[in-house]
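> Here is the input, now give the coordinates:
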Amino acid sequence: MKKFIPAALVLITLTIIGCISHPSGGLSSSNILLYSTTSITEDGANDGTFNATIEVTLSGGEFVSDLGDLDFDTVDRPTGMSVSLSRVSDTEALINIGGQVTSEESCGNGLMTFYFKNSAFGDNKLPLSFQVPITIVYIRPALTYSTDLLTEDVSNDGSISQTFTVTTSGGGTFSQNSGVLDEGKYDWFDLPSGLTPVITVNSATQATVSFTDSAAANTPIDDVKAYLQFKTTALSNNFCEILPKKGFDIEFYRSVLMYALPVTDGNLVGRAGADAACLAAIPELPEDYNGARAFLSTSTLDVIDLPNQPSSTFDDTVDVESEDGTLIATNWADLFDMDDLNNSLADANVIDAATLAWTGSLGDGTADTNTCVDWTNGANTNDGQVGSSDAVDEDWLINGSATENCDEEHHVLCIAYVRN
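Numbers count the residues shown, from 1 in each chain. Take a look at the predicted model:
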């Protein structure tokens, strides 16, 4: 709702500041002027041109029949801007604003006051709100970015070959038309150590951002939001002194993550209970890891190895790593090829050295007959197959074919993954 200032107060104020002076036939105590808007915006060409209309409605009185440009005036009108007044009906008029401002403000809006003279009204009296401040909105030069997400290469070595473009708009340009932008003309905040940014100007209005070298820490736990901010020395004088920072989510390669639950006996409340425990224990990593499963075989119909493990749920071609980024196997199948792992569970800091983990599996990932009754029984009358934390051959799953009584306590291995 438009807020009106009492007419007497308006006149007193105008007299004090001396910004509006014209003969007055007095003030109306009941007539009111309403405006459709009090803001106008520069045309999209961003050359200072305006083409705007403000509708004015008079309540309680009438406009004179020959209403025109002698019946209004303005204060602080920008040079080059034209303003005219036309009558539509007894109670409706149009303020028409056009022209081309010769010195537009790129970092701040303008303000012009429009006011009616008493000659505009049939009773020769000024209605309430006979003057209105009009905000003049200039198009700001701005920067747009082709993306706000950067991802590590599948080589998983901390490198990012992805590039993105920065484009100027609103009449702004870079301070150079080509070449590599000097590092002193922009700042990166929280960029992973080891990555070297390069900004290459392609034209006056576009640049490409790329990266050389590689991030020193590049596991998913190292995901970060980094910020790029251009300094005014990189841009034309049309830009404001302070440009906002642009945030980029930097995500490192999404391997299958292997971790472990605390030791427990063989009663895991079955497959469902073990899976639920693994899901609840996903390390505090970015939300991209949205699936988890216990690394167990329960029967010939539910085994660790593919294809029975739901490979369609996640990418089975990526590395299998520990939480600290240590490589365990180069892909899912590599876990079950009866050959050496890249690192043992102990060396990858999944579980301590000289410890065991329940697996229920043979060395090739198929089911062993000893699964503590599908992981529902913790009695010493039943056995479960275990693997060794120190082994890199098949013993990491089968521990020399030795089994453990189900009342013994050992770790449960888990995997976390990104759902396809």
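> what's the offset of stretch 368-376 from the middle of its chain?
47 Å (Cα atoms, centre = their mean, to the nearest Å).
> okay, how far is it across it, tip to tip?
Using Cα to Cα, to the nearest Å, the end-to-end distance of stretch 368-376 comes out at 15 Å.
> which residues are in contact with that stretch?
265-271, 273-274, 296-299, 358-362, 378, 382-385, 398, 403, 406 (Cβ atoms under 8 Å, 6 or more residues apart in numbering). Every C-beta, even on glycine, is put in place using the N, C-alpha and C of the backbone.
> go on, stretch 201-219?
For stretch 201-219, using Cβ under 8 Å, 6+ apart, the contacting residues are 152, 156-169, 173-174, 176-181, 192-200, 222, 228, 252-253, 321, 323-325.
> tell me which residues in that stretch are buried?
By neighbour count on 16 or more other Cβ atoms under 10 Å, the buried set for stretch 201-219 is 201, 205, 206, 207, 209, 211, 214, 215, 218, 219.
> before we move on, what about stretch 218-227?
218, 219, 220, 222, 223, 226.
> and of those residues, the nearest to residue 116?
residue 226 (54.7 Å; Cβ to Cβ).
> in which helix or strand would I find that closest one?
strand 224-230 (DSSP states H and E).
> what about that strand, distance to the chain center?
For strand 224-230, the distance to the chain centre is 11 Å (Cα atoms, centre = their mean).
> partners of that strand in the sheet?
strand 186-189 (antiparallel), strand 246-251 (antiparallel) (DSSP bridges).
> want to throw the ones you listed into JSON lines with mean pLDDT, distance to residue 288 and mean neighbour count?
Below are those laid out as JSON lines (pLDDT from 0 to 100; distance: least, Cβ to Cβ, whole Å; neighbours: other Cβ atoms under 10 Å):
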{"stretch": "strand 186-189", "mean pLDDT": "96", "distance to residue 288": "23", "mean neighbour count": "16"}
{"stretch": "strand 246-251", "mean pLDDT": "95", "distance to residue 288": "7", "mean neighbour count": "17"}
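> between these, which one is nearest to residue 140?
Among the strands paired with strand 224-230, strand 246-251 sits nearest to residue 140 (Cβ to Cβ), with 15.3 Å.
> So which residues make contact with that closest one?
Residues contacting strand 246-251 (Cβ under 8 Å, 6+ apart): 143, 145, 147-152, 160, 191-192, 220, 223-229, 286, 288.
> Let's see that with 7 Å instead.
Residues from elsewhere that reach strand 246-251 (Cβ atoms under 7 Å, 6 or more residues apart in numbering): 145, 148-152, 192, 223-228, 286, 288.
> Looking at these, point me to the pair that's furthest apart.
228 and 288 (22.6 Å).
> hang on, residue 399 in a helix?
Yes: counting by DSSP: H, G, I helix; E, B strand; the rest coil, residue 399 is found in a helix.
> Now it. Nearest residue, chain neighbours left out?
Nearest residue to residue 399 in three dimensions, chain neighbours excluded: residue 388, at 4.6 Å (Cβ to Cβ, 6 or more residues apart in numbering).
> what residues are up against that neighbour?
Going by Cβ under 7 Å, 6+ apart, residue 388 touches 356, 395, 396, 399.
> Ok, residue 28 next?
With the criterion set at Cβ under 7 Å, 6+ apart, residue 28 makes contact with 61, 123, 125, 126, 127.
> Please pick the buried ones from the residues you listed.
Buried, going by 16+ other Cβ under 10 Å: 61, 125, 126, 127, out of the contacts of residue 28.
> Let's test this: mean pLDDT of stretch 274-282, rounded?
On average, the pLDDT along stretch 274-282 is 93.
> What is the distance between it and the centre of its chain?
For stretch 274-282, the distance to the chain centre is 29 Å (Cα atoms, centre = their mean).
> Check stretch 375-395 too.
For stretch 375-395, the distance to the chain centre is 45 Å (Cα atoms, centre = their mean).
> Buried ones in it, by neighbour count?
Quick answer for stretch 375-395 (16+ other Cβ under 10 Å): 375-378, 382-392, 394-395.
> can you check stretch 115-125 too?
Buried-residue list, stretch 115-125, by 16+ other Cβ under 10 Å: 115, 116, 117, 118, 119, 120, 121, 125.
> Would you format those residues as JSON lines with secondary structure, pLDDT and distance to residue 415 included?
Formatted as JSON lines, the buried residues of stretch 115-125 follow (DSSP: H, G, I helix; E, B strand; the rest coil; pLDDT from 0 to 100; distance: Cβ to Cβ, whole Å):
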{"residue": "115", "secondary structure": "strand", "pLDDT": "97", "distance to residue 415": "74"}
{"residue": "116", "secondary structure": "strand", "pLDDT": "97", "distance to residue 415": "76"}
{"residue": "117", "secondary structure": "coil", "pLDDT": "96", "distance to residue 415": "80"}
{"residue": "118", "secondary structure": "helix", "pLDDT": "94", "distance to residue 415": "83"}
{"residue": "119", "secondary structure": "helix", "pLDDT": "95", "distance to residue 415": "84"}
{"residue": "120", "secondary structure": "helix", "pLDDT": "97", "distance to residue 415": "79"}
{"residue": "121", "secondary structure": "strand", "pLDDT": "96", "distance to residue 415": "81"}
{"residue": "125", "secondary structure": "coil", "pLDDT": "93", "distance to residue 415": "83"}
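> ok, back up a step: who has more neighbours out of residue 228 and residue 288?
More crowded of residue 228 and residue 288, by other Cβ atoms under 10 Å: residue 228, with 21 against 14.
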